[in-house]
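Trainee: pasted the sequence and its predicted model underneath.
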Amino acid sequence: MSPMRIKVAVPAPFFHPLDYLPGNTPVTLGCRVVVPLGRRKIVGVVTGLVDQVEDNDGIKCRPIETNLDEDGPSIPAPVLRLCEWAARYYQHPIGEVLAAALPAYLRKIKPPAERATQARASSKTRKALSKVQALNPGQQAALQALETGAGTFSVSLLEGVTGSGKTEVYLARVQQVIDQGLQALVLTPEIGLTPQLLDRFKARFGDAVAVMHSGLGDKARASAWRAAHEGRCRVLIGTRSAVFASMPKLGLIVIDEEHDQSYKQQESFRYSARDVAVVRAQQAKLPLILGSATPSLESLHNAQSGRYLHVHLQERATAQRLPELRLLDVRGMSLDHGLSKPLLDAIERHLQAGGQVLMFVNRRGYAPAVLCHDCGWVAPCPHCDARLTLHRARGKLICHHCGAQARVPLRCEACSGTTLIPVGQGTERVDEALQAHFPRARIERMDSDRARKAGELKRLLKEVRNRDIQILVGTQMLAKGHDFDGLTLVGVVTADQALYSADFRAIERMAQMLTQVSGRAGRGEVAGEVIVQTHEPEHPQLQNWLEQGYAGLAKGLLAERRSARLPPFGHLALLRADALDAQLAHAFLQRVATLITRGPIDVLGPIPAPMERRANRFRAQLLLSCESRARLQNLLSKLVPQIDSIEGARRVRWSVDVDPIDLF
Ligand code: ADP
Ligand code: ZN
Ligand code: ZN
C-alpha cells in the first residue's frame with residue numbers, strides 16, 4: 001500500500017519538511033525527488049512516509065513529480081539520521097542541511113537520460129604505490145591504542161608534536177580498515193593548503209582514494225561522492241562537508257588537525273564537522289581519531305576527563321629535536337618595517353649556512369592602516385567600523401571586511417596634510433623590506449591574495465621544497481602541515497595582537513598558530529630555530545607557552561575557562577541580527593530576549609557586535625550561555641522556531657550560531 005503523504009525536505013528556510021502526495025513511482029526514505037514549490041520545481045529529499053492522515057487535514061497537497069533515486073536513496077538511513085540530528089542541534093532547516101550533504105550536481109533537476117551519462121570515477125593508471133614505512137615503537141604503541149574494534153564507538157585524541165609521525169599512524173590504521181573490507185573517511189582542513197596529506201594517501205592507497213573538496217568542479221565532486229556512495233572508494237579524503245558523505249561500509253573516521261577553525265562553517269548552516277563526526281561515530285558505532293599537535297581545548301578536556309581516549313606521540317619520528325624557541329624582546333629597539341636587528345642577523349646567519357627561512361606575518365597587504373602624520377586621521381572604510389588596508393602592489397586601499405576599494409589618497413581627508421604614513425606590517429611590506437636587506441636571496445610572498453591565482457600555492461611550495469626559494473613570507477596559511485626539509489628558521493614578526501584581543505579564544509589560537517608555525521622548522525637534518533618578536537616578553541601566557549609548550553599553556557587556559565564558565569565548561573549560542581538601522585537590530589533582539597526564561601540560562605545583551613557596522617549594516621548580538629548543553633538545546637528548540645514571527649523579524653537578518661567559535 002502506498003503512503004498517503006510523503007514528507008519532503010526542500011532546500012528552503014522551512015523548519016519542517018513539506019507534505020506531498022505520492023507520484024507515479026514509489027519512493028523510499030532518503031530519495032531525491034522533484035517537487036513543485038510555488039511556481040518552481042526543486043529537488044528535495046524524502047524524510048517521511050505517512051500512512052494515515054486525519055480525514056480532512058485541510059492542506060491541499062500536490063504530488064511528487066519525479067523520483068531521481070529509483071535505484072535507491074542517495075541519502076541512506078544513517079546519513080539521514082545524522083542530518084536530522086544536525087538540523088535539530090544547529091537549529092537549521094532540515095532541507096538546507098540535506099542540501100549541504102549532497103554535492104550540487106546531485107541537487108539539480110536533470111532528465112534521466114543525462115543522468116545515465118554521468119561521470120564515473122575516473123580510473124587513473126595505477127602508479128607504483130609507496131612502500132609501507134616501518135612504525136617506530138612510539139607509533140606502534142599509538143596504533144595499538146587506536147585499534148578499538150570496528151562496531152564500537154570510541155573517540156581517540158592522538159596528540160603528537162608536529163613531525164611525530166601522526167600521518168604515518170593514520171595510514172597504518174586506515175590500512176587495517178581497508179583490510180577488513182571497510183571504508184575510511186579522512187577529514188582535513190583545507191586540501192589546497194595541505195596537499196601533502198593527500199599525496200601521501202594517494203601514494204599509499206592509489207586508486208582506492210577519492211577526494212572531495214570545494215576546489216573541485218561539480219562533476220568531479222559528484223563522482224567522488226558516487227565512488228564513496230557505491231563503496232568503490234576505500235578512502236574518502238575531504239574537507240568539512242564530507243562528514244555527511246554516504247559511505248555504506250564506513251569503518252573509521254580520522255580528523256586531521258582537529259583544532260582547525262575551518263571545520264566550523266561560519267555562515268548559513270553553522271556546523272562543526274568535528275562535532276558532527278563525533279555524533280556520526282556514535283550513531284554508527286565507529287572509531288573516530290582526532291589528531292593534532294595542538295588540540296582544541298574542547299578535545300583536550302574530553303580526553304582529560306576520560307570521555308576520549310588520550311593517545312600520545314611524544315617525539316619526532318625522525319631523530320630531529322624540536323626547534324629552539326626564543327622570545328625576542330623588541331622594546332626600545334629600532335625596527336625596520338617591523339624587523340629588529342637581531343632577527344635580521346639571525347636570517348643572515350641561517351641563509352649563510354644554506355638554510356631556508358619562513359617569515360610569518362599575520363596580515364596580508366602592505367600595512368593595516370594609513371595615518372596622517374599631521375592630524376592623526378586614519379583612512380576609514382566608508383561602509384564598516386574598520387580601517388582600510390594599504391595594498392601597495394595594487395595601488396589601492398582595501399577593506400578586509402567588506403571588500404570596498406579606494407585609491408590611495410595623496411592628501412589627508414581631514415587636514416589636507418600630505419604626510420601619510422603606513423602603520424603596521426603586512427606581508428607585502430615585510431617582503432619588500434627583506435628584499436632590500438637580502439638582495440641576493442630569492443624571496444617570495446605567500447598569502448591569500450597570491451593563492452587566489454590557480455596553482456600558485458602549489459608552485460611556490462614546490463619551489464621551497466626544491467630550495468629555489470630562500471625566504472618565504474606568508475600568513476598563517478603557511479602554518480598548516482607543510483613539511484620543508486631545508487627550513488631552519490621561523491621568524492614571527494609579532495605575537496602581540498592576540499594578547500590584546502577581546503576574543504576569549506585568541507590566546508588558544510595564537511598558541512596553536514605559533515606551535516604549528518614552529519613545527520615547520522628543523523624537519524630536515526639541521527635543528528631549527530624559532531624567533532618570536534614581542535613587546536610583551538613577560539606576558540604570562542607567552543611565558544607559559546615558552547616554558548611548558550602548548551600542553552602547559554592549554555592547562556592554564558582550561559583553568560581560566562573553568563572559572564569563567566566558558567567552553568568547554570559552559571555552552572554558548574549566539575543570536576545575531578543585522579539591519580540597515582542599529583535600532584532595528586537591537587530592538588528585535590530585545591524582543592527575542594524577553595522570550596527567554598532566565599535562571600539556568602545566562603543572557604548577555606543585546607549588545608552591538610565588536611565591529612558594529614559592516615558593509616553598511618548594523619550588527620547586534622545576544623549571547624546565551626548555560627552550564628548544561630541539554631538545557632540550552634531545550635531552550636533553543638522552543639525559541640528558534642518562534643523567531644520569524646517576532647515583530648520586526650522581516651526587517652532584520654538574523655541567525656543562530658550554536659557553539660560559536662567566533663563572537664564577532
Ligand atoms: P605528523 O603527521 O605528526 O606531522 P608525519 O607523519 O608527517 O608527522 O611524519 C613526519 C616525518 O617523519 C615525515 O617525513 C615522515 O615520512 C617521517 N616518518 C614518520 N614515521 C616514520 C618512521 N616510522 N620512520 C621513519 N620516518 C618516519
Ligand atoms: Zn590630517
Ligand atoms: Zn568595509
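Mentor: Received the coordinates, thanks. Numbering: from 1, shown residues only. Ligands and ions are numbered 1, 2, ... in the order given.
Trainee: closest residue of the stretch 151-300 of the chain to ligand 2?
Mentor: Gln266 (36.6 Å; C-beta to the ion). C-beta: built from backbone N, CA, C; applies to glycine.
Trainee: per-residue pLDDT, the closest residue to Leu309 other than its chain neighbours?
Mentor: Once flanking residues are discounted, Leu309 sits nearest to Ser156: 4.1 Å by C-beta to C-beta, 6 or more residues apart in numbering. For Ser156, the model assigns a pLDDT of 98.
Trainee: which elements pack onto the one helix or strand Ser156 maps to?
Mentor: Per DSSP states H and E, Ser156 falls inside strand 154-160. Judged by 3 or more C-beta pairs under 8 Å, 6 or more residues apart in numbering; DSSP states H and E, strand 154-160 is in contact with helix 137-146, helix 166-179, helix 273-284, strand 287-292, helix 297-304, strand 309-313.
Trainee: in a markdown table, list those along with mean pLDDT, mean neighbour count and distance to ligand 3.
Mentor: A markdown table is the format used below for the helices and strands packed on strand 154-160 (pLDDT from 0 to 100; neighbours: other C-beta atoms under 10 Å; distance: least, C-beta to the ion, whole Å):
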| stretch | mean pLDDT | mean neighbour count | distance to ligand 3 |
| --- | --- | --- | --- |
| helix 137-146 | 95 | 17 | 47 |
| helix 166-179 | 96 | 21 | 40 |
| helix 273-284 | 98 | 20 | 29 |
| strand 287-292 | 97 | 26 | 34 |
| helix 297-304 | 97 | 20 | 32 |
| strand 309-313 | 96 | 19 | 44 |
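Trainee: tell me the mean pLDDT for stretch 245-262?
Mentor: Stretch 245-262 shows a mean pLDDT of 96.
Trainee: what's the end-to-end length of that stretch?
Mentor: Using C-alpha to C-alpha, to the nearest Å, one end of stretch 245-262 lies 18 Å from the other.
Trainee: what of stretch 22-35?
Mentor: End-to-end distance for stretch 22-35: 10 Å, by C-alpha to C-alpha.
Trainee: for Thr494, which non-adjacent residue is spatially closest?
Mentor: Per C-beta to C-beta, 6+ apart, closest to Thr494 is Gln533, 5.5 Å.
Trainee: phi, psi of the one you found?
Mentor: The phi/psi pair for Gln533 (degrees, to the nearest 10) reads phi -80, psi 140.
Trainee: and if you look at Arg561?
Mentor: Backbone geometry at Arg561, expressed as degrees, to the nearest 10, gives phi -60, psi -40.
Trainee: residues contacting it?
Mentor: By C-beta atoms under 8 Å, 6 or more residues apart in numbering, the contact list for Arg561 reads 297, 504, 567-569.
Trainee: helices of the stretch 351-500 of the chain, start to end?
Mentor: 427-437, 448-451, 456-465, 496-500 (DSSP state H, counting those that start in this stretch).
Trainee: buried residues, the third one. List them.
Mentor: Of the residues in helix 456-465, those buried under the neighbour-count criterion (16 or more other C-beta atoms under 10 Å) are 457, 460-461, 464-465.
Trainee: how about the residues of this protein by ligand 2?
Mentor: Within the chain, the residues that sit near ligand 2 (C-beta under 5 Å from the ion) are 372, 374-375, 377, 412, 414-415, 417.
Trainee: ok so, going back, how about the helices and strands packed on strand 154-160 in TSV, adding distance to ligand 1?
Mentor: Below are the helices and strands packed on strand 154-160 laid out as TSV (distance: least, C-beta to the nearest ligand atom, whole Å):
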stretch	distance to ligand 1
helix 137-146	6
helix 166-179	3
helix 273-284	17
strand 287-292	7
helix 297-304	16
strand 309-313	7
